[in-house]
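K.L.:
A structural model of the following input is requested.
(2 chains, ligands or ions: 4)
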Protein chains: 2
Amino acid sequence: TIYVITPTYARTVQKAELTRLSYTFLHVPKLHWILVEDSPTKTALVSQFLSRCGLTYTHLNVATPPVFKTKSADPHWLKPRGVLQRNLGLEWLREHLHADTANGVVYFADDDNTYDIQLFEEMRYTKRVSVWPVGLSGYLRYESPVVTNGHVTSWFTYFRPDRAFATDMAGFSINVRLLLDRPEAVFKNTVRRGHLETNLLSAITTMGELEPKAHNCTKVLVWHTRTEKADLRNEDKFKKRGFPGSNPDIEV
Amino acid sequence: TIYVITPTYARTVQKAELTRLSYTFLHVPKLHWILVEDSPTKTALVSQFLSRCGLTYTHLNVATPPVFKTKSADPHWLKPRGVLQRNLGLEWLREHLHADTANGVVYFADDDNTYDIQLFEEMRYTKRVSVWPVGLSGYLRYESPVVTNGHVTSWFTYFRPDRAFATDMAGFSINVRLLLDRPEAVFKNTVRRGHLETNLLSAITTMGELEPKAHNCTKVLVWHTRTEKADLRNEDKFKKRGFPGSNPDIEV
Ligand SMILES: O=c1ccn([C@@H]2O[C@H](COP(=O)(O)OP(=O)(O)O)[C@@H](O)[C@H]2O)c(=O)[nH]1
Ligand SMILES: O=c1ccn([C@@H]2O[C@H](COP(=O)(O)OP(=O)(O)O)[C@@H](O)[C@H]2O)c(=O)[nH]1
Ligand SMILES: [Mn+2]
Ligand SMILES: [Mn+2]
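P.N.:
Ligands and ions are numbered 1, 2, ... in the order given. Take a look at the predicted model:
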């Protein structure tokens, strides 16, 4: 089983994002989607969406405290996002799987990235931790592990290539047993900028143990795409002119 | 058959967009994808992508002349996009189908929108022209036909609701016979801003004949999402520092 942990939060494009993401996942056998809302309650939109999506899923929620939230004036890399949500997904796995029978891998898939379904066949046979390139990441065409004689020896990235695991969240998967064996391995909201992945992976593996996938890290099978915020300025303009605007009963 | 005509152009996110779009279309029975590159030649990236995507497709290309191209300083609504490409798709249909045997509908699907697969079942049985709401369009939560007693009577849109067919490109489908019977119906690069759809639809139908779909236009099954341009500033920074940057042989 591939356990895909996805943090998600309410915004105008959320249903669109989850819809197209679910169509990708539907092409992947034995995928279990752990969708974790950044919200104090489970929303009706996500609950209904999941019940109709046709995937095997677990629906969780936890709100990020305001102090850790990205503000609209912040650059998007200032604070890590989805941290408590990914940790809740890990916690669910640790509660519901048993170290001696568990079988599968864990992947952290943000709701706005784009995934080639071949990626899931690459990660499916991860013994400890697999790694591969991530397209459109780190202000580069891609960021990638550097592979020498079949082993990861360094990282192709502009930002701090000296990080022990200089990979994006989308660039690795972990055998679930490793996570069950190390209950202390969680993401930390308080690590230095850009060190979220390195911090977690340092707790469970070493660079020499990494399994390079995607033809020795020469194929891009995941893209760090970002969707524009929808600009709804004409709703306000309608209201200023005394018109009702769109019908709030119509879900978007 | 649903003939989906999609204009597409080379940019950093193109392969990601086409990949996730193809995963949506793969869930739709009897879909024929007419993908038209805005390019003087068929690119290797798109050719290879199509040959592996698993869909029934036709690959075409035509370059938009520079005078009609959106410049990076232009607002995105200034000039219509994908006009020559959609027309080439129509031309292909008129050359390859016969008015007496043709069966199906034509839909213009931009490569960056998000589609609920239920939309295709809604449009599949279009007699003349079907219409429905489009989410996140026109700076509103959605734009939509207004339906009264089962008929379209006006348009919910902020921009020029007086247009005869004030719908986005994603908001209608046309029975292919109608297009074969009216070879003069094409898109025009020269119409007033925002009048591309109205201009085409005026040549083939009237408001009273429109078939409202999606529960009398109360469900949003397509979203006018837009993907952020990928910012690759660190490629240049590498070069300035005398490093090679990413490997151009790795396709993104
Ligand atoms: O307040 C937030 C912001 C983001 N996310 C989720 O965290 C992940 C990463 O966020 P985003 O894609 O915005 O980050 P970036 O693309 O800038 O890395 C995504 O799955 C989001 O849905 C979240 O749960 N709460
Ligand atoms: O120079 C261009 C710009 C856009 N397009 C295509 O035309 C359609 C509409 O373009 P876009 O999505 O950028 O427009 P918007 O979202 O602003 O309506 C999309 O399928 C694009 O791939 C194109 O063929 N050539
Ligand atoms: Mn993201
Ligand atoms: Mn678009």
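
K.L.:
next one: phi and psi at residue A:101?
P.N.:
Torsion angles at residue A:101 (phi, psi; degrees, to the nearest 10) stand at phi -110, psi -20.

K.L.:
can you check residue A:58 too?
P.N.:
phi -130, psi 130.

K.L.:
tell me the contacts of whichever residue of the stretch 151-252 of chain A sits closest to ligand 4?
P.N.:
The nearest approach of the stretch 151-252 of chain A to ligand 4 comes at residue A:228, 9.5 Å away (CB to the ion). The way it works is simple: take the backbone N, C-alpha and C, and place the C-beta from them, glycine included. Residue A:228 makes contacts with A:13, B:225-228, as judged by CB atoms under 8 Å, 6 or more residues apart in numbering or on different chains.

K.L.:
want to try CSV for those, with distance to residue B:152 as columns?
P.N.:
Output for those, formatted as CSV (distance: CB to CB, whole Å):
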residue, distance to residue B:152
A:13, 27
B:225, 25
B:226, 27
B:227, 31
B:228, 34
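
K.L.:
measure the nearest residue to residue A:172 once chain neighbours are set aside to residue A:182 for me?
P.N.:
With sequence-adjacent residues excluded and distances taken as CB to CB, 6 or more residues apart in numbering or on different chains, residue A:172 is closest to residue A:131, at 4.9 Å. Distance of residue A:131 to residue A:182, given as CB to CB, to the nearest Å: 18 Å.

K.L.:
kindly report the same for residue A:74.
P.N.:
Residue A:74 sits at a distance of 32 Å from residue A:182 (criterion: CB to CB).

K.L.:
ditto for residue A:226
P.N.:
From residue A:226 to residue A:182 the distance is 32 Å (CB to CB).

K.L.:
same question, residue A:247
P.N.:
In terms of CB to CB, residue A:247 sits 50 Å off from residue A:182.

K.L.:
swap in residue A:237?
P.N.:
Counting by CB to CB, the gap from residue A:237 to residue A:182 is 54 Å.

K.L.:
likewise for residue A:64?
P.N.:
Distance from residue A:64 to residue A:182, by CB to CB: 24 Å.

K.L.:
more crowded one of those two?
P.N.:
residue A:64 (20 against 15; other CB atoms under 10 Å in any protein chain shown).

K.L.:
residues in contact with whichever strand or helix holds residue A:91: which ones?
P.N.:
Using DSSP states H and E, residue A:91 sits within helix A:83-96. Applying CB under 8 Å, 6+ apart, the contact partners of helix A:83-96 are A:3, A:5, A:7-8, A:34, A:36-38, A:58, A:60-64, A:68, A:106, A:108, A:176, A:179-180, A:183, A:185-189, A:196.

K.L.:
do that helix and ligand 1 meet?
P.N.:
Yes: for helix A:83-96, a contact with ligand 1 is found by CB under 6 Å from any ligand atom, at residue A:85.

K.L.:
other SSEs contacting the following helix or strand past that helix?
P.N.:
Sequence-wise, the next helix or strand downstream of helix A:83-96 (DSSP H and E) is strand A:105-108. If contacts are counted by 3 or more CB pairs under 8 Å, 6 or more residues apart in numbering or on different chains; DSSP states H and E, strand A:105-108 sits against strand A:2-8, helix A:83-96, helix A:118-123, strand A:172-175, helix A:176-181.

K.L.:
list the buried ones in the second one?
P.N.:
Same thing as helix A:83-96. A:83-90, A:92-94 (16 or more other CB atoms under 10 Å in any protein chain shown).

K.L.:
cool, stretch A:174-186 as well?
P.N.:
Neighbour-count burial for stretch A:174-186 [16+ other CB under 10 Å]: A:174-180, A:185-186.

K.L.:
if we check ligand 3, which of these are in contact?
P.N.:
When CB under 5 Å from the ion is applied, no member of the buried residues of stretch A:174-186 is adjacent to ligand 3.

K.L.:
return the member of these nearest to residue B:124.
P.N.:
residue A:176 (41.7 Å; CB to CB).

K.L.:
excluding chain neighbours, what is closest to the residue in chain A positioned nearest to ligand 1?
P.N.:
Closest contact between chain A and ligand 1, by CB to the nearest ligand atom, is at residue A:82 (2.9 Å). Closest residue in space to residue A:82, ignoring its immediate chain neighbours: residue A:7 at 3.0 Å, by CB to CB, 6+ apart.

K.L.:
so how far is chain B from the one you found?
P.N.:
Between residue A:7 and chain B the computed distance is 19 Å (CB to the nearest CB, to the nearest Å).

K.L.:
residues touching that residue, list them.
P.N.:
A:36, A:38, A:81-82, A:85-86, A:110-111.

K.L.:
of all those residues, which comes closest to ligand 2?
P.N.:
residue A:111 (20.3 Å).

K.L.:
surely the closest one and residue A:8 touch.
P.N.:
Yes: between residue A:111 and residue A:8 there is a contact at 4.7 Å, judged by CB atoms under 8 Å.

K.L.:
between the two, which contacts overlap?
P.N.:
A:14, A:17-18.

K.L.:
in a markdown table: those, plus neighbour count, secondary structure and distance to ligand 1.
P.N.:
Shown next, in a markdown table, are the shared contacts of residue A:111 and residue A:8 (neighbours: other CB atoms under 10 Å in any protein chain shown; DSSP: H, G, I helix; E, B strand; the rest coil; distance: CB to the nearest ligand atom, whole Å):
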| residue | neighbour count | secondary structure | distance to ligand 1 |
| --- | --- | --- | --- |
| A:14 | 20 | helix | 8 |
| A:17 | 21 | helix | 8 |
| A:18 | 22 | helix | 9 |
